[in-house]
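S.K.: Sequence plus predicted model, see below.
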Amino acid sequence: MMNKNQAPVMTDFLRYIVAGGSAFIIDFTLLIFFTEITSLHYLISAPIAFIMALLFNYHLCINWVFKYRIYSREKIEFTIFCIIGIVGIFITEIILAGLTPILGNYIIVKLIACTAVLFWNFFMRRHLLFKKK
């Protein structure tokens, strides 16, 4: 049973999963497009796709996912949002570079990386940007 302090976190997390899932579809589709269609290396394609999905995700986070915003200045908020996302890119790149040679399939490894980055992004963004003061 959840206490009343956990309920807003769960609501935010469920919304974040929907927003993150939508961003994931953009990220994953662009990763495959850039890698398979334009022949970019997957370590180049991954951050390009991630950044495009990051912009989409920011829009959903500020307009739908989170009820509270710590910063009134959007530039500061967006900068912190992006820094968290950039750390997510590094987490993704480390996982891709480390596991793709072992598992032999960058797509499967991307799914693993996305799960790790989902938790990183949600908890860091909620704590640093979108919690009740």
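M.R.: On my side now, so go ahead. Computed from a predicted structure; not experimentally measured.
S.K.: can you pull the buried residues of the top helix by length along the chain?
M.R.: Taking DSSP state H as the criterion, the chain has its longest helix at helix 74-103. Neighbour-count burial for helix 74-103, counted by 16 or more other C-beta atoms under 10 Å, picks out 77, 80-82, 84-85, 88-89, 91-93, 95-96, 99-100. In this view, the C-beta of every residue, glycine as well, is placed from N, C-alpha and C.
S.K.: which parts of the helix or strand harbouring Ala19 are buried?
M.R.: Following DSSP states H and E, one finds Ala19 within helix 6-32. By neighbour count on 16+ other C-beta under 10 Å, the buried set for helix 6-32 is 8, 12-13, 15-16, 19-20, 23-24, 26-28, 30-32.
S.K.: Over to stretch 32-49?
M.R.: Ile32, Phe34, Thr35, Leu40, Tyr42, Ser45, Ala46, Pro47, Ile48, Ala49.
S.K.: for the closest residue to the second one other than its chain neighbours, what are its contacts?
M.R.: Counting by C-beta to C-beta, 6 or more residues apart in numbering, the nearest residue to Phe34 once its immediate chain neighbours are dropped is Ser45, at 3.7 Å. For Ser45, the residues meeting the contact criterion (C-beta atoms under 8 Å, 6 or more residues apart in numbering) are Leu30, Leu31, Phe34, Thr35, Thr38.
S.K.: and of those residues, the nearest to Leu111?
M.R.: Leu31 (11.0 Å; C-beta to C-beta).
S.K.: how close does the closest one get to Phe90?
M.R.: 16 Å (C-beta to C-beta, to the nearest Å).
S.K.: how would you label the residue nearest to Phe34: helix, strand or coil?
M.R.: Following DSSP: H, G, I helix; E, B strand; the rest coil, we place Ser45 in the helix state.
S.K.: And the closest residue to Ala49 other than its chain neighbours, how far from Thr92?
M.R.: Sequence neighbours aside, Leu30 is the residue nearest to Ala49 in space, at 3.6 Å (criterion: C-beta to C-beta, 6+ apart). To Thr92, Leu30 is 13 Å away according to C-beta to C-beta.
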